[in-house]
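Asks: need a 3D model of the following:
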Amino acid sequence: MFREMRRGRQLLSMQDTAAVMNRCTNGVLACLGDGDYPYAVPISYVYFNDKIYFHSAKAGHKIDAILKNSKVSFSVIDEDTVVSEKYTTYFRSVIAFGEARIAEGNERLEAFEALVEKYSGDQPEEAKHKEITGCTQAYIIAIDVEHITGKEAIEYVSVKK
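Replies: This is a model prediction of the structure:
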């Protein structure tokens, strides 16, 4: 169902792919928006339990698109160094495909805790707990990842050998 990467030598291992997902702090969510136009929106996220989680307002273009068609893709760019004399960039990135849904119950709580820890881990425990338990105006969205691949510039592959 999902295409194989054309340049297989540049495929990151699952361990390296997960490391990119854990290291990055933002990515682009792509879904089917109004009028069946693609809708791509930058978001902050956490990669937790092999799923992608992010928060969303309960109304708006993003949540409307997800509720209309749950199939989404999500991409992150970990590295993008311009090498002008070679007319290229040295890059490392990940793309994931999956189905988005509203997380509920313990899953919502655990994902929210993971989000808060990733972005505000240096805050006092009491403040983090208050933020998590007090936030009722946002959804936590889960992307159940069906396919995920990482890729890096051939120059990075060559250095590893």
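
Asks: can you give me the helices for this protein?
Replies: Secondary structure of the chain, counting by DSSP state H: helices at 14-23, 61-68, 105-120, 125-134, 154-160.

Asks: using a markdown table, lay out those helices together with mean neighbour count.
Replies: Backbone N, C-alpha and C define where each C-beta goes, glycine included. What follows is the helices of the chain, written out as a markdown table (neighbours: other C-beta atoms under 10 Å):
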| stretch | mean neighbour count |
| --- | --- |
| helix 14-23 | 16 |
| helix 61-68 | 17 |
| helix 105-120 | 16 |
| helix 125-134 | 12 |
| helix 154-160 | 12 |
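
Asks: now for those, which one comes closest to residue 89?
Replies: Ranking the helices of the chain by distance to residue 89, with C-beta to C-beta as the measure, places helix 154-160 first at 9.8 Å.

Asks: can I get that closest one in PDB? Just the C-alpha atoms.
Replies: Presented in PDB, the C-alpha positions along helix 154-160 are these (Å, rounded to 0.1, in the frame of the first residue of the first chain):
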ATOM      1  CA  ILE A 154      23.700  10.400   0.600                       C
ATOM      2  CA  GLU A 155      26.600  12.400   2.000                       C
ATOM      3  CA  TYR A 156      25.600  11.400   5.500                       C
ATOM      4  CA  VAL A 157      25.300   7.800   4.500                       C
ATOM      5  CA  SER A 158      28.800   7.900   3.000                       C
ATOM      6  CA  VAL A 159      30.200   9.300   6.300                       C
ATOM      7  CA  LYS A 160      28.700   6.400   8.300                       C
END
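
Asks: give me the contact list for that helix.
Replies: Outside of helix 154-160, the residues that reach it under the criterion C-beta atoms under 8 Å, 6 or more residues apart in numbering are 7, 9-10, 79, 83, 90, 92.
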